[in-house]
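Student: Predicted model and sequence follow; I will ask about them next.
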Amino acid sequence: MTDIFWIIFIIAIFALVVFETVHSLKRSNTTARLISVYADNTENEKLFDEIYDYCMKDYKLKKIMQKYNATKEDIKFLHKKLMTWGNIKKGHRFIPITSFFYAYTLEYLFTHRDDDDKKVTMRMLNFFHI
């Protein structure tokens, strides 16, 4: 009985690792594509649509979006805030786009939406080690 438990446990852990790896790769591919398409065209409405749509489909980000009743206008507002001090592209990271794709940073953006632009952006820069 104990052997069966451990086999099931190991299979469950393996499945979880595979699931989270696929989730991470999907997020990375999406952010890389958005950065390559919109980094030089950050006011394009399609960018905000794509960020919002991704957040509403992602099982982690959707909870945060619903918690704050987030709209596309909220995404635009926060994006503009990040553009003021964080218009920096480094590798596969561009703060005004990448910040919306991680649960921790998205939560931070909504809880500190009324804080100073520089303070919020510096927190994002620190999170992504830029």
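Tutor: Received it, and whenever you're ready, just let me know what you need. Only a predicted model underlies this, so the values are computations on that prediction, with no experimental measurement involved.

Student: Return the distance of residue 113 relative to residue 48.
Tutor: Taking Cβ to Cβ, to the nearest Å as the measure, residue 113 and residue 48 are separated by 15 Å. Bear in mind the C-beta positions are built from the backbone N, C-alpha and C, glycine included.

Student: Verify the stated contact: residue 110 with residue 70.
Tutor: Yes: here residue 110 reaches residue 70: they are 6.7 Å apart, a contact under Cβ atoms under 8 Å.

Student: Compare residue 113 and residue 48 (neighbour count), which wins?
Tutor: Applying other Cβ atoms under 10 Å to residue 113 and residue 48 shows that residue 48 carries more neighbours, namely 21 against 14.

Student: Now do the strand or helix carrying the more buried one: which elements does it pack against?
Tutor: Under DSSP states H and E, the secondary-structure element containing residue 48 is helix 45-57. On a contact count with 3 or more Cβ pairs under 8 Å, 6 or more residues apart in numbering; DSSP states H and E, helix 45-57 meets helix 2-38, helix 59-67, helix 72-86.
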